[in-house]
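[1] Generate a structure from the sequence data that follows.
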Amino acid sequence: MTSRRSTAVEEITGRIMRLEYRPGQRLVERDLAADLGLSRVPVREALHRLEVDGLVISVPRQGTIVSTWSRTDITDLFEIRAALEPMAAEFAAHRRTDVQLRRLEETTRLKPESGVVEQTEYNAEFHRRLVEAANSPQLRDAMRPMYARMRWLFHLTRERGPLHQGTEHVRIAAAIRDGDADRARRLTAQHVLDGLRPTLAALADWGEERADPVAATKSRRR
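    Below you'll find the model as predicted:
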């Protein structure tokens, strides 16, 4: 990835995560390029990458919008996570290295003054490092396409996000540290499933209906 494309990917992703760009919002290539101080080529390449990550939807020869969520999208994501993340925790209890365990535990040590955005980033990073600690390339590859949307969903629901998540992460990390695979798996499954209901409740804050990408990008200005 070129440095300019990488810059565009990071900045646009950051704005989506910070909710500066909302679900269904049209992203105008020309405006993005001007805002980022880049040419349109790296911006266009970045939008292609973000479409692969599931953060945007592009309509050929028309434009791009920020992706939207439905109840089915959210439920599917949580059910897939509930199937795979407990397996990652079980594997991690047996396979993790000391370095991986230390990096996992680092994400559970938030300072009291940490804001909700920082807490959300630590939350997302915990789940990514959990899968890394499983030391399973196949499981990692299965989870990788979901990371961006998981992180984004955590941000979309961060104002309603339960602060006890950090405590749950500490318990999961402790089970992995103790090599207790059954406990690690059980705690992780419960942790993931407990997040579904408040996430669905938060959906009303930013709309459940899928935006029509064709209608949203019907203007030719790109």
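
[2] going forward, measure contacts and count neighbours with C-alpha atoms only.
    Will do.

[3] so which strand or helix has Phe91?
    helix 71-95 (DSSP states H and E).

[4] For that helix, name the packing helices and strands.
    helix 116-133, helix 137-143, helix 165-178, helix 181-194, helix 196-202 (3 or more Cα pairs under 8 Å, 6 or more residues apart in numbering; DSSP states H and E).

[5] Now do the nearest residue to Val131 once chain neighbours are set aside against Gly14, distance only.
    Of all residues not flanking Val131 in the chain, Ala88 sits nearest, at 5.3 Å (Cα to Cα, 6 or more residues apart in numbering). Separation of Ala88 from Gly14 (Cα to Cα, to the nearest Å): 27 Å.

[6] Ser58 in helix, strand or coil?
    Judged by DSSP: H, G, I helix; E, B strand; the rest coil, the three-state class of Ser58 is strand.

[7] surely it meets Ile65?
    Yes - between Ser58 and Ile65 there is a contact at 6.5 Å, judged by Cα atoms under 8 Å.

[8] re the thing from before, between Ala88 and Gly14, which is the more surrounded one?
    Neighbour totals were compared for Ala88 and Gly14, and Ala88 leads with 28 against 14 (other Cα atoms under 10 Å).

[9] ok, that one to Arg186 distance?
    11 Å.

[10] Could you do Ala8 as well?
    For Ala8 relative to Arg186 (Cα to Cα), the value is 39 Å.

[11] So for those two, which residue has more residues nearby?
    Taking other Cα under 10 Å, Ala8 and Arg186 do not tie; Ala8 has more neighbours (23 against 16).

[12] Understood, closing this out.
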